[in-house]
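> Give me a 3D structure for the following:
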Amino acid sequence: MASKRTRLSADAFTVGLIYVKPLEMQAISVMLDECYEPVPLHIQDDNEYTLGKIGSHNVVVVGSPRGAQGKVAIADAVSRIRLTFVNIRVGLLVGIGGGVPHLPKHDVRLGDVVVGAPEVGPVVVQYDRGKQLSDGIVEITGTLRKPPAVLLRVVDKVDDKYSRIGEGEEDFFTTHLQRFANFRRLKDRYKCPSVPDRLFRADYNHELGTQCSSHDQCYVVKRPDRHPPGEIRIHYSTILSGDLVMKSAEKRDEISAKHGNALCFEMEAAGLMDAFPCLVIRGICDYADSHKSKEWQKYAAATAAAYAREILLSMAERLAPGIGDSQKDCLNRAEGSKLENSVRRHEGLVGVDSRLSQSQTSLFIAKHGQQTNMKIVLNAGQDDERIEDLSPELLMLLHVLQFLKTSCPDPDNDFKPGSIPRTVTMLLSKQYARFSYISSVCLAKFFNELV
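Predicted structure coming up:
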């Protein structure tokens, strides 16, 4: 990664990578091709973000506060993302989960990845929500939304690529996991554990105060060796999401069977799917039974992050602000890019404090008047004597106006609300959030509320 980081506009980020545990955040961060400087956040956005890039996609990495788990905590964090990053269109929930092997068809093992993308059935089921019947059975009511269609299409692309790995070739898991070697404090923590991967029979409970290695091996389920050894496999299944940590193999199998032999338990996805539909990616760290331990958590987080990286590398870049927008929006996006480039050419804007005091703005208005004539305002940017005392924020505003001037030679007659490209109005509207006082006073006065 480059030692000198750049800063992008908050509008440039289109993908959210969601985590719950700090170890998941670390694994995701390793997969970034580049890291960016933080951006000013909306005043009501209490999150903290890691900003970066994977392939052609600018991503925000965000999660719940340390120690906070479950669907409520993660939903609270995700609900604020679009306050600052208004162009986020897709999300990936990346982390660890408990696996449910169904042999021989679904030989889920520790380190494997389960993706919430079944061919049939719901993507996520909140298995502990519904009607409590007299016989003790919970009847599930309601359904949760699926991930955006574009992500499900990319899942198929990645699956096709994974299936066609040639003999002796490295798959993308091997390639992406090698990135940990560049981080001296992480490379040993996130490698495949030396602890054996043991699956015990569902009717055999862990003996308190003992190690799994001391258990009677006759209760270990026999599974065929994998070729090559240590191969990471991808499984597609309904994700079972609930508020309780699943540590009972018998209960695990019972609930799984009710939902199409679902292969994964976790605790957060149910809180996201309706408010922020995303692709759920879970590295398997245990078997959701009484033998649950933490030895495989970091490696499982790493394999999930590696899969998430491959999803983004395989997903085509969209030029329009939103996935699937019209050709007109693509053209508007191009116009908006020109505007942003024009604004960025002012060297004084690098590292500018986004907060503009009321006194600064009032001084500017008192000095130059509250002009509503667009010609006067547009010409102001050419008057060196008038702009020498302006703050960088006001200089940015004048650069915006100068850009508009090139498209509107006769602003009094040609500058009509309907003629403003949508992306230009979007960019200007972002200045309302970024420079609240200047937006409400200067822009309203200068543009006469046209935008």
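
> any low-confidence regions in the stretch 51-200 of the chain?
Low-confidence segments of the stretch 51-200 of the chain, defined by pLDDT under 70: 130-142.

> hmm, 80 instead?
Scanning the stretch 51-200 of the chain for pLDDT under 80 picks out the ranges 130-143.

> any chance you could map the strands in it?
Here the stretch 51-200 of the chain has its strands, by DSSP state E, counting those that start in this stretch, at 57-63, 90-99, 113-115, 124-126, 130-132, 138-140.

> Can you lay out these as TSV showing mean neighbour count and distance to residue 261?
Where you see a C-beta, it was placed from the backbone N, CA and C, and this is true even at glycine. Shown next, in TSV, are those (neighbours: other Cβ atoms under 10 Å; distance: least, Cβ to Cβ, whole Å):
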stretch	mean neighbour count	distance to residue 261
strand 57-63	24	30
strand 90-99	28	12
strand 113-115	28	12
strand 124-126	25	12
strand 130-132	11	19
strand 138-140	13	16
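
> Same list, the ones you listed, but as a markdown table with distance to residue 17 please.
Shown next, in a markdown table, are these (distance: least, Cβ to Cβ, whole Å):
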| stretch | distance to residue 17 |
| --- | --- |
| strand 57-63 | 5 |
| strand 90-99 | 5 |
| strand 113-115 | 15 |
| strand 124-126 | 18 |
| strand 130-132 | 30 |
| strand 138-140 | 29 |
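
> what's the closest of those to residue 314?
strand 57-63 (10.6 Å; Cβ to Cβ).

> on contacts alone, who are the packing partners of that closest one?
In terms of contacts (3 or more Cβ pairs under 8 Å, 6 or more residues apart in numbering; DSSP states H and E), strand 57-63 is packed against strand 15-19, helix 22-30, strand 50-54, helix 71-78.

> Reformat the ones you listed as CSV; add distance to residue 147 and mean neighbour count.
Below are the helices and strands packed on strand 57-63 laid out as CSV (distance: least, Cβ to Cβ, whole Å; neighbours: other Cβ atoms under 10 Å):
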stretch, distance to residue 147, mean neighbour count
strand 15-19, 12, 27
helix 22-30, 18, 22
strand 50-54, 17, 21
helix 71-78, 14, 20
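
> Would you mind telling me which of these is nearest residue 238?
Minimum separation from residue 238 across the helices and strands packed on strand 57-63 (Cβ to Cβ) falls at helix 71-78, 16.2 Å.

> where does the stretch 251-400 of the chain dip in pLDDT?
Using pLDDT under 80, the flagged stretches of the stretch 251-400 of the chain are 318-400.

> Can you report how many residues neighbour the residue lying closest to residue 39 once chain neighbours are set aside?
For residue 39, ignoring the flanking residues on the chain, the nearest one in space by Cβ to Cβ, 6 or more residues apart in numbering is residue 10 at 4.6 Å. Residue 10 has 25 neighbours, counted by other Cβ atoms under 10 Å.

> For residue 58, see how far away residue 10 is.
10 Å (Cβ to Cβ, to the nearest Å).
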